[in-house]
Each structure stands twice: as C-alpha cells, then as structure tokens.
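[1] Need the 3D shape of this:
(3 chains)
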Amino acid sequence: MEQFFTQLTNGLAVGGIYALIALGYTMVYGVLKLINFAHGDLFTIGAYLGLTLLTSLALTDHIGGIAGILLLAVMAMGLVGIIGILLDRAAYKPLRTSPRLSAVVSALGASIVLSNTVMLVYGPSTRVYPQGLLPSQVFYIFGLPVPVMRFIILGASILLMIGLYVFIQRTKIGTAIRAAAIDQDAARLMGINVDRVIMLVFFIGPALGGAAGVMVGLYYGQITFTMGWTYGLKAFTAAILGGIGNIPGAMVGGLLLGVIEALGAAYISMAWKDAIAFFVLILILIVRPTGLLGERVAEKI
Amino acid sequence: MSLLQVENIIKRFGGLLAVDSVSFSVPRGAVFGLIGPNGAGKTTVFNLITGNYGPNGGSVIFQDRDITGQPTHRIVAAGIARTFQTIRLFANMAVIENVLAGCHCRMRSGPVAAMLRLPSQHKEERQALSKAMAELEFVGLFDQAENLARNLSYGNQRLLEIARALASDPRLIILDEPAGGMNELETAALVSLIARIQARGITVLLIEHDMSLVMKACEQLVVLEYGKKIAEGTPAEIKKNPLVIEAYLGSDDEDF
Amino acid sequence: MKPAAGQIRKTAYAAIILLWMVAPLFIGKYWTDVLNNVAIYAVLGLSLNIILGYGGMFHMGHAAFYAVGAYTTAIVNTAWGVPVLWLMPAAGLAAGLFALVVARPIIHLRGDYLLIVTIGMVEIVRIALINNVFGITGGANGIFGISSPSVFGFQVNSIVAPAHYFYLVTAFLAITIVLFYLLENSRFGRALKFLCSDEVAAQGSGINTAGYKLAAFVIGAVWAGMTGTLYASKMGFISPESFSFWESVVMFMIVILGGSGNIAGVLLGAALIIGLPEIFQGLQQYRLLIFGLALMIMMIFRPQGILPPKPRSYPIDKLEKNEVSF
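    Next up is the predicted model:
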C-alpha cells in the first residue's frame, strides 16, 4: 500500500510535467496539424536556461526562495517562448505550403540543431541544479508519506494548466486560437490574424515546456542535453493518449501516462520503465489513434 | 439482366445519414446516370460501391457476387474501375506510367521475378506497356505519353483518369463528374468517348452535373436528394418528374 | 535527355566505380575502413530507400531490423560456430519476419504517426537488448567473439586487412544496387511509387496498398538484416549502442538528403554523411549540428534531396505500332 501510494504521487508529479510538455505538442498540432518534434528540446533549453539564471542571478538569495524560483521560472518561460517563435520562423514558416512531411523532416533537423547547440554551449556532461531550493519535508496522510516537493510540482503544473484552459476558453485571443484550430481559412475570413495566432501558440507551448524544464531540474536535481528527447517522446505519447489537438486531453494523458509509468516500473519491471511509454504509444495508435478524448473524423475522398 | 445491384445501402457520418437506404440496379451494357443536387450523397454512393467506404447497412452485388465492404483493390480486380471527382492522378509521373497503374491488377510478377529479371516478367512489362499505349490512343492522349501528368490540361487529366480506369479491363466503369472543368468541345468529345466505351461492352455508371451531357449520354437515371432516391427512369421521364423539378429548383446550383 | 548528357553521366559513373575499386590500393587502412563504413551505410540506405524513398513511409526505426540481423548472426555464430556468411540468409529472414510482425499493425498509420511509432519500435528493441531479453543478447555489454567472414576458405579479417573486407562489402553493395535497380523499374517498384504519390488513387487503380507497404517493409528489413551480418562480422562484437535511435536517424538522413527514391542519390548521401565527417575531423563535434541544419535547409530549397529521382522513361518508341493493342 505504501509503495503503491509512493508510486502514485511520484507518477502524478511526473505526469504533471508530461502534461505541461504535451500541451505544447497539442497546441501546435491543433493549429498547424504539425508535430513539432523539436518541442522536447525547447523543454531542455528551459531546464538549462533555468539553471543559468539560477546560478548567475542568484535570485533566490536576493528575494527569497519561493519568489526567486517563481521569477526565475517566468523568465525562463519567456525566453523559451521567444525561442519557440524563432524556431517557427526558421524551421516551419517557410514550409507552410509544402507537403506536411517536409515540415516533419525540418522539425527533426531543428531538434538535432537545438539539442546539439545545448551540448556545445553547456557541454555534454550532466549538470546539477542547486539543492534545497524546494522544501524536502515529507508529511503523512493516513500514515502514508507524501514528499512536499511532489505536491508543489503537481500543484504548479495544474495551476499552469488551469491558467491556460481559462485563457483558451474565456478570452478573445483564446477564442481566436480555437477558431484557427478548427478552420484556418474560415478564421482568416472572420478577420482573425492567423499568423499572430500561430506566433502565440509557438510562444505559449514552448513557454509551458520551459516551465516543465525548470520543474524537472528542481525535482530531479540534474539535467542532460539529451533529456528533451525522452521527455519529448513521452509527452508526445501523453498528447496522443489524450487525443492530439485536444487541450484537456493533453492534461489527462500526461497525468495518466505518469501514473502508468510509475506503477509499471514498480510492479512490472524497473528495467523496462522507458519502454512502457512506447508500448502505450504504439497500442493507442493501433487501437484508438484519436486518443481518449479525441473525435473521429472521416477522411474526404 | 443487371450487372450491378445496390440494395438498401446506408452510410452514416457521425449523426448525418449521408446515404439512406438507396437501391438501384445497373443493367449490363448500359450508360447509367446518378444525379442530384450538391450534397445529395452521389459520390458517397460511388465510394460505397468501390469500397472506399464501408457501408453501415445494405449490400452491393456485382455479377451476382456480394462485394459489400471488400477492399478497393479486390473490387477493381473484380471488374469495377473508377475515376475521381477531384482529379487524383499521380501528378509527378509520366502519363504512360499513370495508365500502367491501371494495368497493375492484370499483371502477376512480384518483386522476386523483377530482381531475377525473369523472361515472363519482361514479357509482361512489354504487354502492359502496349496495353497502356492502346488505352491512351483510345482516349486521344497517345502523343502525351511521356509528359508529366500534372502538365496536362484539366480536360486531358480527366481523360487520363479514364484511360487509367480502362487499363484495368473493367466490366463497369464509374465516372465521377467526368465533364467537370471541361469546355463545350471537350464535353462533346466526352459524350462520344462514353459511347465508344459502351461499344467496347463496358457498362458505364456516371455522376454528372452537366445536364445536357446526362440527357445525351445516359439511358437510365437515378435521382438522389438528401441521401434518398427520389426518382428513377429514362431521361425523358426524369425531366417531367415533379419531385425532381422541385429538388433542382429548390437548390440554386443547377439550371435544369 | 540529350545523348551528350547521357554520355557524360555514364563516363562519370564509370570513373567513380573505377576509383572506388582501386582506392584501397592507394589509401591506408584507416581510410579503407572509412570506405567500408560508407559501403555498409550505402546498403542500409538503399534498403531504407525501398520503404522511405519509393513507398514514402516515414520509417525511422530501420536500426531495429539491422539489429535483429546482427544479433541473429552473433548469437548463432558464437553459440554453434556456424560460419558468418552462411548466416546472412538467416539474418535476413529473421529481420524480415520481425518486420512482418511489427509492421503489420502499424503500416496504415499516417506519415507522422508512423514516424513516431517506428521510433518507439527501435527504442523498445534497444531496451530489450540491454535487458538481455531471452537471456541471449548479452545485455548492455553485447556479444563478443564473432568470427570474421570466410570466402572459399579465405579469412576476411576487417581489422587486420580492411582491404579484403572492402571487396567483400563492395560485392554485396554491387549486387544490392543491381537488384534494387531492377526492383525499382518493375511492377513492384511502380506500385510503391503510386501509393507514395496518392494512396487513394493507387487503391482505386487496383493496387493492394497495405500489402505493398508490408512487402516494402519486409524487403527493406531483409536487406538491413543481411547487412547486420556484415557489420557483426566486421566488428567481431556488437552491443545495443550500435543500434540506437541515432543510427536510424543517420540512415534516414542518408536517404532524405541524398535523394529519396533515387539509388544514385542514396549512394551520394551515404558518402557525404559517413565520409565527410572523417575528412573534417576538426569539426567532429559540430557534425550533428551541421546535419540538422542541412535537413532544415534542404526541406526549404530542395525537399527531394541532392539527387532527386528523374521521371522514368519507357521504351514506347521501341513498341511496334501493331503491338499497341488492348
């Protein structure tokens, strides 16, 4: 029971991180029908930028732990968001009218470029986040241990997701994003500046990914330049699991995948932990490619 | 005697009943027309016959064999070939190569025969090539054989689709708006081409918006509206049918 | 094409073949080994080209088939001492069967989904190898002591004499080029190009697209599996690291950058992607960065690769007029 509970909370914390990254895939897919393969690397950049800001500005020393981390996360999010927009300009915008698969290849190229740039700037070895920034206490619910850090990570990702959901559902700009996702041409005819919507999507998605990067740094304490690859694939799996293009789907898919993975690692095999997400991915694409919350659309012939 | 029988066929898209229990039968050797306003479900009926969609009910009988829900390539092999409303050629390939696609299902050689360059494979290639050239000559594109398909005029692209369909030696050819995008001269030539296809013993089933063509080319018509069959008969009968007149006057897309 | 241009091309090809054949006589062991790697990746690229180039299926898990072939060879050779070259058909068969099983449920997936699923497949294979699945793959350390190939009793040791191995792998490459050229220009190759161009139209023309996609996967896998034999016997040992996802990316880049659907393009791609980094060793750490940039730039300016396929010409002028008949 205790092990189950430990794995459950761990899975939820990691799942929240997956969900944040998955939102970036799903938002870009929703509007452009493009899988942004470089998204995982934007997450990595977020983690590294977070580390740089943390060590060079020493914000946590100046304005206190929590406020410092918040400010730092916001800065990292902004920077990664801007990199996201630049990525779109360089890799995808010139290919808007090309066959879809050209953009996929370009995305792959961009992913290689970004991860190798991180390697060249920060070096190939694992980097360590300063310890003790998040409280490491453990409290007990019905006698079951819950590390506070897990709560903070899960809480932060849920807050960000709720924020995004409200933004998409309740604001005018959010409506424009939803409209562009349904039909770009019609949205354009209705006077929506679709290019601006795309730019915004390429800001918000990577910004959330950047936040996830900082959270991984804080949670696990170490980061590598290749981690975007694994996290990216898992988050993509989460997006597919929930139904790609569907924002609540990404949230549900992320949390679900985190829990499946944690429980699978504990009860099936630790050595196969990384393979679990891939099995889930393959299974869902074979059995229900529209995901849990997706709708089926007939192809027009 | 009927070559193709469609019986109570049904197709749903989500909540929309696109084809609602439609039945008709196409006599052997006929030129048979399927008409109706936009969105009446004509192309969906074609897609159900050719196996592009699986029906939610009903059946398709071809040459006394139930072919309902079979994969498209089997249906082509059984003798039903088609063209597409939105032209679907292999745009970046030569015209002749497009026609060879139609020959595919009448050929046998597999990858191993090709890699070993068996004499039978070589002979078959040569026969297919001559067959394809013959079909190009039949539709009047003999001189275009080595052009790329995308460089053909719109009307010629439609003819190429017909040549590709004919290359599969069909018993029934299904033409989805063959005159779409053609000028009057090309349409007149198309009418005579349809007659020549019929003269080869191939039954023709077509959807067309050009009513003068329908009236000239078809011997029998079925009219669809909102996925339902509302009338059936000879062109002369259909012209006088009050239901049909209402269906067409009610929509603003066609002058009848 | 003008006869002059055709002549120039033929002469150029002849010169390249001649240069390739005599190269080991003039360059040292190191560079001969580089050429050996180029040849191995050329065959891998050509085998992937069947799936990705002709069939247009975005398959990024080719290293999995390569791994199945190499491990089949390594396991059988080290356990029972069967000569490695005899194991080539077995390796091809094992990889082909593996492809048949794993590709069947996924080939209907749309382009980008297929890509991600094949990535998942190759990662699962790698994890399985590390976890010493069935207790026969040797785990993370891999398998040691694979014998060198022997041709009519003549030992071809790639480490002592890379030049000997060079002619072995060149022979395999040459056979592959000829067979795949015949395949490309056949009913089978055409069918793949049709379904790549427009799947619905291909079905409507009577092509069993699912069957052909699967066949393309199997043929590509058989060849990658046989190449796995050559690789295992060249190295003498294999480990899961040699079959990572990046290995698949390299094969993918060879096809996409060189010219997908064109044999000459794939060969050029192998030479550039495997050969060039050896020439510019000082830039080694920028290698992937440059390849990534190249992928992005190529998609904008030359999406079909450096040497895109030319439309095929048919000998219609050789047909007699009276031969033209239904």
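[2] any idea how far the closest residue to A:Leu108 other than its chain neighbours is from C:Ile116?
    Among residues not flanking A:Leu108 along the chain, A:Phe37 sits closest, at 5.2 Å (CB to CB, 6 or more residues apart in numbering or on different chains). Where you see a C-beta, it was placed from the backbone N, CA and C, and this is true even at glycine. Separation of A:Phe37 from C:Ile116 (CB to CB, to the nearest Å): 9 Å.
[3] and these two? which has more neighbours close in?
    A:Phe37 (27 against 24; other CB atoms under 10 Å in any protein chain shown).
[4] Wasn't the more buried one part of a strand?
    No - according to DSSP: H, G, I helix; E, B strand; the rest coil, A:Phe37 belongs to no strand; its state is coil.
[5] That one touches A:Ile112, doesn't it?
    No - the pair A:Phe37 and A:Ile112 does not pass the contact test of CB atoms under 8 Å, sitting 9.5 Å apart.
[6] In space, what's closest to residue 45 - neighbours in sequence excluded?
    I went with chain A, as the question did not name one. Excluding the flanking residues, the one nearest A:Ile45 by CB to CB, 6+ apart is A:Val80, at 5.7 Å.
[7] wait, I meant chain C there
    Spatial nearest neighbour of C:Gly45, chain neighbours left out: C:Ile254 (3.9 Å); criterion: CB to CB, 6+ apart.
[8] Mind telling me what element the one you found is part of?
    Using DSSP states H and E, C:Ile254 sits in helix C:245-258.
[9] The following helix or strand past that helix packs against which elements?
    Next in sequence after helix C:245-258, counting helices and strands by DSSP H and E, comes helix C:263-270. Using 3 or more CB pairs under 8 Å, 6 or more residues apart in numbering or on different chains; DSSP states H and E, the elements in contact with helix C:263-270 are helix C:29-49, helix C:162-184, helix C:245-258.
[10] quick one on the thing from earlier: okay, buried residues for the helix holding C:Ile254 please.
    By neighbour count on 16 or more other CB atoms under 10 Å in any protein chain shown, the buried set for helix C:245-258 is C:245, C:247-258.
[11] Stretch A:166-183 now?
    In stretch A:166-183, counting by 16+ other CB under 10 Å, buried: A:Ile168, A:Gly174, A:Ala176, A:Ile177, A:Arg178, A:Ala179, A:Ala180, A:Ala181.
[12] now swap in stretch B:133-146 and tell me
    Going by neighbour count (16+ other CB under 10 Å), the buried part of stretch B:133-146 is B:Met133, B:Ala134, B:Glu135, B:Leu136, B:Glu137, B:Phe138, B:Val139, B:Leu141, B:Phe142, B:Gln144, B:Ala145.
[13] Keep only the residues you listed that also lie close to chain C.
    Here is what survives when the buried residues of stretch B:133-146 are matched to chain C using CB under 8 Å from any CB of the partner chain: B:Met133, B:Ala134, B:Glu135, B:Glu137, B:Phe138, B:Ala145.
[14] For the residue in the stretch 201-301 of chain A that chain C sits nearest to, list the residues it contacts.
    Proximity of the stretch 201-301 of chain A to chain C (CB to the nearest CB) peaks at A:Phe278, 3.7 Å away. Listed by CB atoms under 8 Å, 6 or more residues apart in numbering or on different chains, the contact set of A:Phe278 reads A:Leu233, A:Thr237, C:Gly120, C:Met121, C:Glu123, C:Ile124.
[15] Distance-wise, check the last one relative to chain A.
    Distance, C:Ile124 to chain A, by CB to the nearest CB, to the nearest Å: 5 Å.
[16] Thought A:Leu281 was touching that residue, still the case?
    No - C:Ile124 is not in contact with A:Leu281 according to CB under 8 Å; the separation is 9.8 Å.
[17] what about residue 105, which SS state?
    This is for chain A. Classified using three-state DSSP, A:Val105 is helix.
[18] How about it: what's its closest non-neighbour residue?
    C:Met299 (5.2 Å).
[19] Quick check: which element contains that neighbour?
    Per DSSP H and E: C:Met299 is located in helix C:287-301.
[20] Let me know the angle separating that helix from helix C:245-258.
    Counting by axes from the mean of the first three to the mean of the last three CA atoms, to 10 degrees, helix C:287-301 lies at 40 degrees to helix C:245-258.
[21] I'd like the distance from helix C:287-301 to the chain centre, please.
    Remark: helix C:287-301 is offset 21 Å from the chain centroid, using CA atoms, centre = their mean, to the nearest Å.
[22] by contact count, what packs against it?
    helix A:100-122, helix C:245-258.
[23] Would you mind getting the angle between that helix and helix A:100-122?
    With the same axes, to 10 degrees applied, the angle from helix C:287-301 to helix A:100-122 works out at 150 degrees.
[24] Quick check: buried residues in helix C:287-301?
    For helix C:287-301, the neighbour count (16+ other CB under 10 Å) marks C:Leu288, C:Leu289, C:Ile290, C:Phe291, C:Gly292, C:Leu293, C:Ala294, C:Leu295, C:Met296, C:Met298, C:Met299 as buried.
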